[in-house]
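Q: Sequence and predicted structure below; questions after.
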Amino acid sequence: MQFPLPQIRQELQEGKLVTVLDDYTQDLVDVHAVWPKVGHLRPKLRKLVDRLIALGEAGAFD
């Protein structure tokens, strides 16, 4: 599974996570969040979307 680096950077720095596919994932990729238009998102999805928005606003993906 791949995650946006800004989302897991702290865990990588702390050694809680390690990368295993570095030889295969050198290219940066765009991140897009798409979800159905519903009244309420599942809490896990809402948390992820909110986190991605916050990271984007902080310039973490620049």
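A: Yes, it's here. All values derive from a computational prediction rather than experimental measurement.
Q: Which stretches in this structure count as helices?
A: Counting by DSSP state H, the chain has helices at residues 5-13, 43-57.
Q: Asp30: which of these is closest?
A: Asp30 lies closest to helix 43-57 among those, at 11.4 Å (Cβ to Cβ). The way it works is simple: take the backbone N, C-alpha and C, and place the C-beta from them, glycine included.
Q: between the closest one and helix 5-13, how many degrees?
A: 100 degrees (axes from the mean of the first three to the mean of the last three Cα atoms, to 10 degrees).
Q: Pull out the buried residues from helix 43-57.
A: Leu48, Leu52, Leu55 (16 or more other Cβ atoms under 10 Å).
Q: and that helix, what other elements does it pack with?
A: helix 5-13 (3 or more Cβ pairs under 8 Å, 6 or more residues apart in numbering; DSSP states H and E).
Q: What's the separation between the residue of the chain most remote from its centre and Leu55?
A: Distance from the C-alpha centroid of the chain, by Cα atoms, centre = their mean, peaks at Gly39 (23.4 Å). Gly39 sits 25 Å away from Leu55, going by Cβ to Cβ, to the nearest Å.
Q: quick one, which of the helices of the chain is nearest to Thr25?
A: Ranking the helices of the chain by proximity to Thr25 (Cβ to Cβ) places helix 5-13 first, at 10.3 Å.
Q: Could you pull out the buried residues of that closest one?
A: Pro6.
Q: what's next to it, contact-wise?
A: Residues from elsewhere that reach helix 5-13 (Cβ atoms under 8 Å, 6 or more residues apart in numbering): Leu17, Val18, Thr19, Arg51, Leu52, Leu55, Ala60, Phe61.
Q: distance of Gly59 from Gln2?
A: According to Cβ to Cβ, Gly59 stands 21 Å off from Gln2.
Q: do Ile53 as well
A: 19 Å.
Q: quick one on the thing from earlier: would you format the helices of the chain as TSV with distance to Asp27 included?
A: Below are the helices of the chain laid out as TSV (distance: least, Cβ to Cβ, whole Å):
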stretch	distance to Asp27
helix 5-13	13
helix 43-57	19
